[in-house]
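# Please find the sequence and the predicted model below.
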Amino acid sequence: MSEKDFDIILIGATGFTGKRAAKYLKEHAPDLKIGLAARNESRLSALASQLGYSNSSTFVVDTLNKETIDKVAAISKVIISTAGPFSLYGEQVIASCVEHGTHYLDITGEVDFIRSMMDKYGELALKNKCILIPFSGFDSVPADITAYLLSKKFRASETLQIKAYYKTKGGLNGGTIASMLNKFESGESKNSRDPRLIMQNNGQKLATPIGAHAFGFNSDIKRWSAPFIMGAINSKVVYRSASLWKDLGAPYAQSISYSEHSSFGKWYNPLAFIALSTLLISLQLLGPFAWFRALIKKMAPKPGEGPSEHSIENGFFSLKAIAKDGLKESKALSMYYSGDPSNKATVFFLCESAITLVHNLDQLPPRYGFLTSTTALGDLLITRLETRGLKIS
């Protein structure tokens with residue numbers, strides 16, 4: 001088998017998200033050579049047979065065994081991983097990709113883990129001309145694109161304040177819940193509060209977002225509002241992009257703030273607001289306690305399980321973002337995708353990002369190391385996503 005014989009190899013293919021990603025790649029990237037990798041050989045063989053992959057395209061890989069990861073990293077242009085929690089199962093994959101100059105994408109939301117990976121492997125990734133794009137799912141492609149496009153609507157602003165309001169419909173799969181609980185078990189939930197955690201150390205200024213932690217009726221959108229559950233992750237990715245673009249000579253603004261909020265019903269119907277607010281407060285207060293995490297594990301889907309196909313297909317996410325500069329000039333952006341955010345949308349963003357990367361490897365600017373969706377793929381990715389079903393206005 002020749003070096004880099006595969007365009008993409010998917011690690012974690014037999015998991016709940018991995019199965020959907022394997023199916024998506026089969027249907028939407030027929031021109032690319034795709035490989036599937038997972039730990040369980042019998043489940044992997046059954047999945048390949050079901051989706052029409054050849055036996056020569058399957059690889060038994062243990063994400064804790066670097067030797068098995070090296071074998072697939074050596075023969076693929078791009079590795080994408082859905083095998084989380086990434087702080088438990090991700091380091092050897094990243095290490096192998098960096099050593100072999102293989103590009104990498106994942107769907108993690110574990111910012112503390114990525115900070116440690118940047119510190120360990122960032123310099124070698126630059127040396128080996130390796131592109132790594134973590135946060136390539138619903139966390140955090142929509143947020144990254146939103147801030148990137150809104151920043152272009154202003155000219156050399158001194159300050160830029162962006163607020164994004166989300167509406168979502170869908171369910172969580174077992175892997176996502178396991179990753180969320182692992183943040184409390186590992187202590188990452190405490191360590192990752194620094195908004196500058198994954199930024200470049202280049203002097204990009206941040207302002208404190210106004211009302212980022214507010215619960216109540218929001219007069220800007222005339223809706224009940226609470227902090228968006230993924231806002232603490234997505235804001236850090238936006239800030240990393242801002243600091244990277246500053247290095248590239250295209251800063252968003254001298255100082256930027258970004259916050260995310262959930263948007264609920266009108267003033268006369270606060271029930272959804274009360275329910276989510278109770279959930280958020282409970283997670284923050286009780287998440288550090290082992291008994292609470294054990295209770296969630298009993299009630300929630302197990303890793304490998306998730307919502308029904310009907311629920312996934314009938315979900316959606318929409319966001320409306322409003323940006324204001326120091327002169328109080330205001331610009332807005334809307335985004336919509338039909339499909340469960342944590343499952344269908346995540347697979348869509350991950351796979352289309354990987355396909356965009358493979359198709360444009362010879363055209364991309366020479367940027368390497370730990371990047372974000374916009375700094376790695378920019379308008380090429382946005383154009384592709386819009387032609388595949390993402391609505392931006």
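Good, I have the coordinates.

# CA atoms for contacts and neighbours, from now on please.
Noted.

# Could you list the low-pLDDT ranges of the stretch 1-150 of the chain?
1-2 (pLDDT under 70).

# which stretches of it form strands?
6-11, 34-38, 58-60, 76-81, 103-106, 131-133 (DSSP state E, counting those that start in this stretch).

# any chance of those strands in JSON lines, plus distance to A250 and mean neighbour count?
Shown next, in JSON lines, are these (distance: least, Cα to Cα, whole Å; neighbours: other Cα atoms under 10 Å):
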{"stretch": "strand 6-11", "distance to A250": "31", "mean neighbour count": "26"}
{"stretch": "strand 34-38", "distance to A250": "35", "mean neighbour count": "26"}
{"stretch": "strand 58-60", "distance to A250": "42", "mean neighbour count": "21"}
{"stretch": "strand 76-81", "distance to A250": "27", "mean neighbour count": "26"}
{"stretch": "strand 103-106", "distance to A250": "24", "mean neighbour count": "27"}
{"stretch": "strand 131-133", "distance to A250": "20", "mean neighbour count": "26"}
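
# Make JSON lines from these and add distance to I312 to it.
Below are those laid out as JSON lines (distance: least, Cα to Cα, whole Å):
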{"stretch": "strand 6-11", "distance to I312": "21"}
{"stretch": "strand 34-38", "distance to I312": "23"}
{"stretch": "strand 58-60", "distance to I312": "27"}
{"stretch": "strand 76-81", "distance to I312": "21"}
{"stretch": "strand 103-106", "distance to I312": "20"}
{"stretch": "strand 131-133", "distance to I312": "25"}
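
# for these, which one sits closest to F273?
strand 103-106 (31.4 Å; Cα to Cα).

# Let me see the mean pLDDT of stretch 292-308.
Taken as a whole, stretch 292-308 has an average pLDDT of 75.

# again, but for stretch 339-351
Stretch 339-351 comes out at a mean pLDDT of 95.

# Residues contacting stretch 36-52, please?
9-14, 19, 22-23, 26, 54-55, 57-63 (Cα atoms under 8 Å, 6 or more residues apart in numbering).

# That one: which residues count as buried?
Residues L36, A37, A38, R39, L44, S45, L47, A48 are the ones in stretch 36-52 that count as buried (16 or more other Cα atoms under 10 Å).

# quick one: that stretch to chain centroid distance?
25 Å (Cα atoms, centre = their mean, to the nearest Å).

# Kindly report the same for stretch 330-337.
On Cα atoms, centre = their mean, the centre of stretch 330-337 falls 19 Å from that of its chain.

# just stretch 24-43 next, same as before
That offset, for stretch 24-43, works out to 20 Å (Cα atoms, centre = their mean).

# Alpha carbons only: can I get stretch 20-37 in CSV?
The C-alpha trace of stretch 20-37 is given here as CSV (Å, rounded to 0.1, in the frame of the first residue of the first chain):
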residue,chain,number,x,y,z
ARG,A,20,-23.4,8.4,10.9
ALA,A,21,-20.1,9.9,9.7
ALA,A,22,-19.2,6.7,7.9
LYS,A,23,-22.5,6.7,6.1
TYR,A,24,-22.2,10.4,5.3
LEU,A,25,-18.8,10.0,3.7
LYS,A,26,-19.9,7.1,1.7
GLU,A,27,-22.8,9.1,0.3
HIS,A,28,-21.2,12.5,-0.1
ALA,A,29,-17.6,11.8,-1.0
PRO,A,30,-17.7,9.0,-3.7
ASP,A,31,-14.6,10.5,-5.4
LEU,A,32,-12.5,10.0,-2.2
LYS,A,33,-10.9,6.9,-0.8
ILE,A,34,-12.3,6.5,2.7
GLY,A,35,-11.2,4.1,5.4
LEU,A,36,-12.9,3.1,8.6
ALA,A,37,-11.1,2.3,11.9
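
# If we go by neighbour counts, what in it is buried?
Buried, per 16+ other Cα under 10 Å, within stretch 20-37: R20, A21, A22, K23, Y24, L25, K26, I34, G35, L36, A37.

# Not counting residues beside it along the chain, what's closest to the third one?
Looking back up the chat, that one is A22. Distances taken as Cα to Cα, 6 or more residues apart in numbering put A13 closest to A22, at 6.3 Å, once the chain neighbours are dropped.
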